[in-house]
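Undergrad: Here is a sequence together with a model predicted from it:
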Number of protein chains: 2
Amino acid sequence: MSVTIYHIAEKAGVSIATVSRVFNESPRVTPETRLAVLTAAEELGYQPHASARSLARRQTETISAIIPMISNYFYAEILKGLQDKMGGSPYDLLVFSAPNLDDVENLLFKALHRGRSAGVLLFSAPLSDSMVSRLQKNGQPVVLVDSFHKAFDSISTDNFIGGKIAADFVISSGSKRPAVLAANPNSVPARDRLIGFRQRLAEADVDLPAESVLYSKQQVFDGFNEESGYDGMKELLAQPELPEVVFATSDIQALGALKALREAHINVPEDVQIIGYDDLSIARYVGLSTLKQPLHEIGAGAYDLLMARIKNRTTPIVHTIYAPRLIERQTTSIFELIV
Amino acid sequence: MSVTIYHIAEKAGVSIATVSRVFNESPRVTPETRLAVLTAAEELGYQPHASARSLARRQTETISAIIPMISNYFYAEILKGLQDKMGGSPYDLLVFSAPNLDDVENLLFKALHRGRSAGVLLFSAPLSDSMVSRLQKNGQPVVLVDSFHKAFDSISTDNFIGGKIAADFVISSGSKRPAVLAANPNSVPARDRLIGFRQRLAEADVDLPAESVLYSKQQVFDGFNEESGYDGMKELLAQPELPEVVFATSDIQALGALKALREAHINVPEDVQIIGYDDLSIARYVGLSTLKQPLHEIGAGAYDLLMARIKNRTTPIVHTIYAPRLIERQTTSIFELIV
DNA sequence: CTGAAAGCGCTTACAG
DNA sequence: CTGAAAGCGCTTACAG
């Protein structure tokens, strides 16, 4: 059946140890024997056996990514950054994905199986205590992507500040009737964005009544979906007064809100302004003003952090936290921003 | 260090063979010894070692997906279908991705390494002769997703028919000035859509002059990107006469076209109508009329095809080909369609 | 520089 | 039903 080092050892007239050495680029091989081995391997169409190699080496060249709801466009853009890094890397990428956050713990369990991977990238998952202890006991390198926990390397953006920047926009535009399209109440990033928003508004004495904060009623993507933005906006439209600026906790929700507005023949940004969050590539083409997260950098940075951690387990934990940035486009009017 | 079957065999007072048997659900184990093994394993926190297992079994429980340009939203939606299937499956998913189609052959080479996976899902890649022969020689189960080759199982939609349906729309709307925003000329699906479109138009004596077919000038995503739609639409706008209906070979290009139209203050669908292709979830929220591909079904179906092929290598090759369907939304006026 | 040998952690006929 | 043993395809000290 398939060709092993034994076949090529025989053909090249050397031992399997030597064959192994040339494939591991051991320096201690004569150029001649090296060549002999290589040509034999070439003729036979030899390929190393991944499992045998990692069993013998006690290490794998694969990393695991645990991505809840992978079809979310948000991850597509982070994955791009990761992919660009992995192109030149010997590592393979194992992707574990589930339709919602509740399944993440199970995925993590699978990903942590012995011999499966050299490290794991855990996306957007709030860490339960049991996960933290499992992770620590397991000892495998982990980096948190788009979330934070003091015990692990992480890369994310500051959602709290994002909310504040959105509030600054509201304040400097002179608006007195802001509203927010929040995702699920249990979503940590959405909650932090809302907290920052609310706090900054309070500092400027701008009111944010409870009925102006619309949470998602459905669970898909933790409320980060078009439908929740659409439904929330419709509720807002049913209230006696129109909001002046609506802060959506994601671009995708903002897209839904835009649809509701269009159907109601309400002009954007003249009658109501919209601010999204993320800056997905579609935001640009839809003309959506938004708080940009450096998604590509997050993906690339996550890879670097993980590699560093694999190389050295004892180095201090590092947290990379980006600040989001307001990108003003057509869903918002131009003002002098006081930031 | 980590716990192996030896540890649990000792603790349970049995041989490693028995331990192995209970984890492989061999029926030939007493309930009592089974329980003893299981509790020992539980107490020790045992996890099977993936590499050792696949080496001994001569088979892996992972499948490889080769996805060019994974950050393309198109794949996000297919992946959703795949993910839903994999949730209940013992298989893991190895994802190989590259920024463009040229790298696919290298990815394929990596994915085909011995012992790496039980089968591969090859997305959207035109198969060169060398790839075909490599694949055949390798003998690993393969299913083509979003592409076609007679030698392999495949699942895709009929692009030719998609183009025809778009043309039918043009014809029944009475339009005499269609245009198309094509992707790269070397993109097989885009080309087939164009051919179908052109052919059906010709049958109805509707003219499609060369200057009304705009190809993408840049290579990102094979021309399936917002920018190419935007640029193409601008060129169309610079021509003496406005097109009446513009057929974009993807939703993402249509989005770019919409932006160009908006900037030029041209009304959609009154002045120009737009038809996209794919029916990504954003299409719905942007109100884009489009040719729907059943993306979720394609992902799920690809998984089923691959499993069937892994189970039985000698079964006849199967091609699942869906017909796209026109979804009319706001970027298009309502007519009686004659199909 | 090179080889013989042990070992990585499992699975699976083969006996019993 | 259970165990002893060989084998999966590599890597890597240990000698020489």
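TA: Done, it's in.

Undergrad: alpha carbons only for contacts and neighbour counts from here, please
TA: OK.

Undergrad: Break down chain A into its helices, ranges please.
TA: A:5-12, A:16-23, A:31-44, A:50-57, A:73-86, A:104-111, A:129-138, A:159-172, A:188-203, A:226-238, A:251-263, A:281-286, A:295-311 (DSSP state H).

Undergrad: Now distance to DNA strand C and mean neighbour count too, for these, in CSV please.
TA: Output for the helices of chain A, formatted as CSV (distance: least, Cα to the nearest atom of the strand, whole Å; neighbours: other Cα atoms under 10 Å in any protein chain shown):
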stretch, distance to DNA strand C, mean neighbour count
helix A:5-12, 8, 18
helix A:16-23, 5, 17
helix A:31-44, 5, 16
helix A:50-57, 3, 17
helix A:73-86, 26, 22
helix A:104-111, 14, 19
helix A:129-138, 14, 13
helix A:159-172, 42, 23
helix A:188-203, 37, 20
helix A:226-238, 44, 22
helix A:251-263, 44, 25
helix A:281-286, 45, 19
helix A:295-311, 19, 20
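
Undergrad: give the contact list for the closest residue to A:Leu121 other than its chain neighbours.
TA: Nearest non-adjacent residue to A:Leu121, counting by Cα to Cα, 6 or more residues apart in numbering or on different chains: A:Ala65, 4.6 Å away. By Cα atoms under 8 Å, 6 or more residues apart in numbering or on different chains, the contact set of A:Ala65 is A:Leu93, A:Leu94, A:Val95, A:Phe96, A:Val120, A:Leu121, A:Leu122, A:Phe123.

Undergrad: how far away is A:Ala65 from B:Asp103?
TA: A:Ala65 sits 22 Å away from B:Asp103, going by Cα to Cα, to the nearest Å.

Undergrad: chain center to stretch A:86-95, what's the gap?
TA: Taking Cα atoms, centre = their mean, to the nearest Å, one finds stretch A:86-95 lying 16 Å from the centre of the chain it belongs to.

Undergrad: Same list (the contacts of A:Ala65) but as JSON lines, adding neighbour count and distance to B:Val142.
TA: What follows is the contacts of A:Ala65, written out as JSON lines (neighbours: other Cα atoms under 10 Å in any protein chain shown; distance: Cα to Cα, whole Å):
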{"residue": "A:Leu93", "neighbour count": "22", "distance to B:Val142": "19"}
{"residue": "A:Leu94", "neighbour count": "23", "distance to B:Val142": "18"}
{"residue": "A:Val95", "neighbour count": "20", "distance to B:Val142": "19"}
{"residue": "A:Phe96", "neighbour count": "25", "distance to B:Val142": "21"}
{"residue": "A:Val120", "neighbour count": "26", "distance to B:Val142": "28"}
{"residue": "A:Leu121", "neighbour count": "25", "distance to B:Val142": "28"}
{"residue": "A:Leu122", "neighbour count": "26", "distance to B:Val142": "29"}
{"residue": "A:Phe123", "neighbour count": "25", "distance to B:Val142": "30"}
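
Undergrad: Looking at the residues you listed, which is nearest B:Gly163?
TA: A:Val95 (34.6 Å; Cα to Cα).

Undergrad: The closest one contacts B:Leu93, correct?
TA: Yes. With contacts counted by Cα atoms under 8 Å, A:Val95 reaches B:Leu93, the gap being 5.6 Å.

Undergrad: Show which residues not belonging to stretch A:78-93 make contact with it.
TA: Defining contact as Cα under 8 Å, 6+ apart, one finds that stretch A:78-93 is touched by A:61-65, A:295-303, B:69-71, B:94-99.

Undergrad: Out of the helices of chain A, which is closest to B:Ala76?
TA: Closest among those, once you apply Cα to Cα, is helix A:73-86, at 6.7 Å.

Undergrad: can I get the CA coordinates of the closest one in PDB?
TA: The C-alpha coordinates for helix A:73-86 follow below in PDB (Å, rounded to 0.1, in the frame of the first residue of the first chain):
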ATOM      1  CA  TYR A  73     -19.600  37.400   8.700                       C
ATOM      2  CA  PHE A  74     -17.700  38.800  11.600                       C
ATOM      3  CA  TYR A  75     -15.600  35.600  11.800                       C
ATOM      4  CA  ALA A  76     -15.000  35.500   8.100                       C
ATOM      5  CA  GLU A  77     -13.000  38.700   8.300                       C
ATOM      6  CA  ILE A  78     -11.000  37.600  11.300                       C
ATOM      7  CA  LEU A  79     -10.300  34.300   9.600                       C
ATOM      8  CA  LYS A  80      -8.800  36.200   6.700                       C
ATOM      9  CA  GLY A  81      -6.100  37.600   9.000                       C
ATOM     10  CA  LEU A  82      -5.500  34.200  10.400                       C
ATOM     11  CA  GLN A  83      -5.300  32.600   6.900                       C
ATOM     12  CA  ASP A  84      -2.800  35.100   5.700                       C
ATOM     13  CA  LYS A  85      -0.500  34.000   8.600                       C
ATOM     14  CA  MET A  86      -1.100  30.300   8.200                       C
END
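
Undergrad: So which bits of the stretch 1-150 of chain A are right by chain B?
TA: A:47-52, A:54-55, A:69-73, A:75-80, A:83-84, A:87, A:92-99, A:113-116 (Cα under 8 Å from any Cα of the partner chain).

Undergrad: let's see 7 Å
TA: A:47-52, A:54-55, A:70-73, A:76-77, A:79-80, A:83, A:87, A:93-98, A:113-116 (Cα under 7 Å from any Cα of the partner chain).

Undergrad: returning to that earlier point: who's the residue nearest to A:Leu121 bridged to?
TA: A:Val95, A:Leu121 (DSSP bridges).

Undergrad: Would you mind measuring from it to A:Thr314?
TA: A:Ala65 is 22 Å from A:Thr314, by Cα to Cα.

Undergrad: what does A:Leu208 give?
TA: For A:Leu208 relative to A:Thr314 (Cα to Cα), the value is 46 Å.

Undergrad: same check, this time on A:Gln47
TA: Look at A:Gln47 and A:Thr314: by Cα to Cα, they are 35 Å apart.

Undergrad: Which one's more surrounded, A:Leu208 and A:Thr314?
TA: Neighbour comparison, A:Leu208 and A:Thr314: the larger count goes to A:Leu208, with 18 against 8 (by other Cα atoms under 10 Å in any protein chain shown).

Undergrad: can you pull the contacts of that one?
TA: A:Pro178 (Cα atoms under 7 Å, 6 or more residues apart in numbering or on different chains).

Undergrad: Quick check: phi and psi at it.
TA: The phi and psi values for A:Leu208, taken as degrees, to the nearest 10, are phi -130, psi 80.

Undergrad: picking that back up, so which of the residues of the stretch 1-150 of chain A next to chain B reach DNA strand D?
TA: Contacts with DNA strand D are made by A:Gln47, A:Pro48, A:His49, A:Ala52, A:Ser54, A:Leu55 out of those, judged by Cα under 7 Å from any atom of the strand.

Undergrad: could you list every residue that touches A:Asp192?
TA: Residues near A:Asp192 by Cα under 7 Å, 6+ apart: A:Asn159, A:Phe160.
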